[in-house]
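In: coordinates for the following, if possible.
(2 chains)
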Amino acid sequence: MSKPACLFILFFLASPSFAVDGAQLLKQIDRNLNPDSYEMYRKIFNVDPDGKKKEYTLFSAKKGRDKIAAVFLAPASDKGRTTLRLGDNMWLYIPNVGKPIRITSLQSVIGGVFNNSDIMQLDYSEEYDVEQVEDAGNEHLLHLKARTKSVAYDRLKMSVDKSGKIPTKIECRTEADMLIKTLHFKEIKDFGGGIVRPSVMETDSPLYQGYKSIMIFANIKKRDFKDEVFTLTFMPNIESLRK
Amino acid sequence: MDVHRSACLSLIVVLLASSSFPEEYKFDLAEIEKKPYDIGGYAELRPSVSLQDVNAAFYKLRYFDHEQRTLLEDYNGKLQLEGSYEIGPARLFVRTNADLRYSHLGWEHGEAERMIHEGYVLLRSSDSLHFKVGKQTLLWGKGYAFNPVAFVGRPKDPGDPDLALEGFYAASADLIMSCGGPLKTVAVTPVVFPVFAHVNDDFGKAGRVNFAGKIYFLLFDTDIDLIGFAGGSRTSRFGIDFSRNIQPNFEIHGEVALIGHHVTKAIDVFGNVSESQSNATSYLLGIRYLTPWDATIICEYYRNGTGLNRHEMNDYYMLIDKGHDLFLATGDSSLLDKAADFSEGNYGRVNPMTDYLYLRITQKEPWNILYFTPAVAGMMNLNDKSLSITPELLYAGITNLELRLRAAALVGRNGSDYGERPNDFRVELRMRCYF
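Out: Numbering: from 1, shown residues only, chains lettered A, B, ... in the order given. This next block holds a predicted model:
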């Protein structure tokens, strides 16, 4: 082979068109999981080692990169409990208490393995930078690092199905690389409106041996909301957004 | 979505359609169907045992004409019902509260005319403009145990700050505006607050229409409220509060209330009544901190500018002692009756004096026991160093059932705030069932 031909082949192999752009891939994953602005319903099952379970039902509304609100519809003991997130700011409204209080992403508004951050998840690309993308056969393995200290998990290891560009598993880790919990994405479902994504997220944690939490998604729909909906003053009225 | 991804996902959907996700974890969409009406609430049983301090001033004042008992048992029941009905942009909401108590004094129940804690019509003109008319709770302020800027609300019980409070009759509106830049939100809440016979008549001077208002800002990630009240039923007052996360797990908050021409009524050891007028400043500074091991620490310092000083409280305790001696000697209860009248004012408040420190530590699910939350709360009167300590165990592992075991110990010498309260020690079990 001639020298110019070898150089051409080397140049072609080194071309960026073969490298995976991690940031772009993460944005694509976000959009495949949810539209930019949407409403959805979720049901959470907290399952004890003896099989006893506790169920919660939530309605959520999200707008753009950093606004999300969720209200508990069941059980009766938690009904009306509302959480609001504006970027790093997070509040909890309890009907009996009657006013919103500031909380942190690390706290849990309900017991169980899920915490506020899992319930009030923003786009991954909003909170994380992609440090590395590994090729793992049928999957990409993304190594994500939190952009700020206010993010609940400092590091994520995200396994992503190459063809569908949707996550199959996320390991949530501390700065010291200790595993806090693992999220397993299951049951791909067509929600309509071009939204095809996992409808079940199962969580287990080495910190809570034997316990697991299961989140089932339903009625995910694109919907635009006014910015005023994502304010402290509107928090007692989030349920009025349901149609 | 590109054609390739769509085809792949369709294949995955078909392949997984027959997968075996357990039936017990299915989400029935009938559960989320929206209904125009909603009914709920809770029923509560709360038996308690308390060790009485028969020499304490407030024991003598309350039980001077009863047989002395060191150990008191009482059984409390509560039923809170809530209901709402929506028609278009309007929502009718009612919350009622019924209390029943059995003790050595017999059966007692809450006043029938105060059973409705809230009852209002909310009209949503748009997502950014709401009107509310009727009995409503307006809980202003950022403090957990105290809210000096809650000018149109009833005072909280710092021993149980999360309890729902009775509201007042008022007309209010919420106008919300979202902005760009560091000022993210502005919300204006004007309130018209009438005080007439049978309408908010326990608030202040009757025959007045009062005006209150709150302007909320979310500015540089800080919640800020400017609050005012004027109208004559109480003296005019102005306040400001704030709350901000300075770290993701560390929040600070504060409130300042400036109260003009506050009138303090005092009673001396001989039963003479005096009045003084002055401007008062009440304030609060607090933190909420989440430790790496999931304990939440709330600490608040409260300066009650309208509180009584040690001299005034000592005079009051001595008046009760004197009145009690007079009653035992002659059967004349006039001094005690006079003291009892004052216990419904400043002297009988939960925090009657000027400086208090509140601390609450809540440990979420220790030893990985889910839904189990032990906590301990302490309140110290910094003026006389008396204090109350309240440990509690909360378990909420059974759906819609909450169990709370709580003890309270009051520590203080004679003549001190907590030393002169009727209980020395109290244990109660609260069983609350939601429906």
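In: going forward, measure contacts and count neighbours with C-alpha atoms only.
Out: Will do.
In: for chain B, which segments count as helices?
Out: For chain B, the helices defined by DSSP state H cover B:3-16, B:57-63, B:310-330, B:334-343.
In: now render those helices as CSV, adding distance to chain A and mean neighbour count.
Out: Listed next are the helices of chain B as CSV, based on distance: least, Cα to the nearest Cα, whole Å; neighbours: other Cα atoms under 10 Å in any protein chain shown:
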stretch, distance to chain A, mean neighbour count
helix B:3-16, 5, 14
helix B:57-63, 29, 19
helix B:310-330, 31, 18
helix B:334-343, 27, 18
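In: worst mean pLDDT among these?
Out: Ranked by mean pLDDT, the helices of chain B bottom out at helix B:3-16, with a mean of 50.
In: most centrally placed residue in chain B?
Out: residue B:156 (3.1 Å; Cα atoms, centre = their mean).
In: quick check: residues of the stretch 151-300 of chain B near chain A?
Out: B:161-165, B:174, B:176-178, B:185, B:187, B:221, B:243-245, B:247-249, B:251, B:290, B:294 (Cα under 8 Å from any Cα of the partner chain).
In: inside strands: which ones of those residues?
Out: The strands, defined by DSSP state E, take in B:174, B:176, B:177, B:178, B:185, B:187, B:243, B:244, B:245, B:247, B:251, B:290 from those.
In: next, count neighbours for the first one.
Out: Using other Cα atoms under 10 Å in any protein chain shown, the number of residues around residue B:174 comes to 21.
In: from memory it sits against residue A:233, does it?
Out: Yes. With contact defined as Cα atoms under 8 Å, residue B:174 and residue A:233 form a contacting pair (7.4 Å).
In: hey, what's in contact with both of the two?
Out: Among the neighbours of residue B:174, those also in contact with residue A:233 (Cα atoms under 8 Å, 6 or more residues apart in numbering or on different chains) are residue B:187.
In: tell me the contacts of the closest residue to residue B:424 other than its chain neighbours?
Out: Closest residue in space to residue B:424, ignoring its immediate chain neighbours: residue B:410 at 5.1 Å, by Cα to Cα, 6 or more residues apart in numbering or on different chains. Residue B:410 sits next to B:386, B:387, B:388, B:389, B:418, B:419, B:423, B:424, B:425 when contact means Cα under 8 Å, 6+ apart.
In: which of the ones in strands among the residues of the stretch 151-300 of chain B next to chain A count as buried?
Out: Among those, those classed as buried by 16 or more other Cα atoms under 10 Å in any protein chain shown are B:174, B:176, B:177, B:178, B:185, B:187, B:243, B:244, B:245, B:251, B:290.
In: one step back: for the helices of chain B, give me JSON lines that also has distance to residue B:26.
Out: Rendered in JSON lines, the data for the helices of chain B read as follows (distance: least, Cα to Cα, whole Å):
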{"stretch": "helix B:3-16", "distance to residue B:26": "15"}
{"stretch": "helix B:57-63", "distance to residue B:26": "57"}
{"stretch": "helix B:310-330", "distance to residue B:26": "62"}
{"stretch": "helix B:334-343", "distance to residue B:26": "57"}
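In: just for the chain, where's the confidence low?
Out: Assuming you mean chain A. Residues of chain A that meet the criterion pLDDT under 70 lie in A:1-19, A:105-114.
In: that's the other chain; I wanted chain B
Out: For chain B, the stretches with pLDDT under 70 are B:1-23.
In: the same query, at a cut-off of 50, please.
Out: B:1-3, B:11, B:13-19 (pLDDT under 50).
In: could you tell me the end-to-end distance of stretch B:363-372?
Out: Chord length of stretch B:363-372, first to last residue, is 9 Å (Cα to Cα, to the nearest Å).
In: now that stretch: how far from the chain's centre is it?
Out: Offset of stretch B:363-372 from its chain centre (Cα atoms, centre = their mean, to the nearest Å): 25 Å.
In: what residues does it touch?
Out: Under Cα under 8 Å, 6+ apart, the answer for stretch B:363-372 is A:111-112, A:207-208, B:294-296, B:373-375, B:393-397.
In: burial of residue B:353, as a residue count?
Out: Close neighbours of residue B:353, defined as other Cα under 10 Å, add up to 24.
In: neighbours of the closest residue to residue B:385 other than its chain neighbours, just the number please.
Out: Excluding the flanking residues, the one nearest residue B:385 by Cα to Cα, 6+ apart is residue B:412, at 7.2 Å. Residue B:412 has 19 neighbours, counted by other Cα under 10 Å.
In: I'd say residue B:412 and residue B:382 touch.
Out: No. Counting by Cα under 8 Å, residue B:382 is not a contact partner of residue B:412; they are 11.5 Å apart.
In: contacts only, for the most centrally placed residue in chain A.
Out: Residue closest to the mean C-alpha point of chain A, counted by Cα atoms, centre = their mean, is residue A:121 at 4.2 Å. When contacts are counted by Cα under 8 Å, 6+ apart, residue A:121 touches residue A:68.
In: kindly report the same for residue B:326.
Out: B:332, B:333.
In: how far away is it from residue B:342?
Out: To residue B:342, residue B:326 is 18 Å away according to Cα to Cα.
In: from the contacts of stretch B:363-372, pick the one nearest residue B:260.
Out: Distance ranking of those against residue B:260, using Cα to Cα, places residue B:296 first at 36.2 Å.
In: any idea how far residue A:51 is from residue A:211?
Out: Between residue A:51 and residue A:211 the distance is 9 Å, computed by Cα to Cα.
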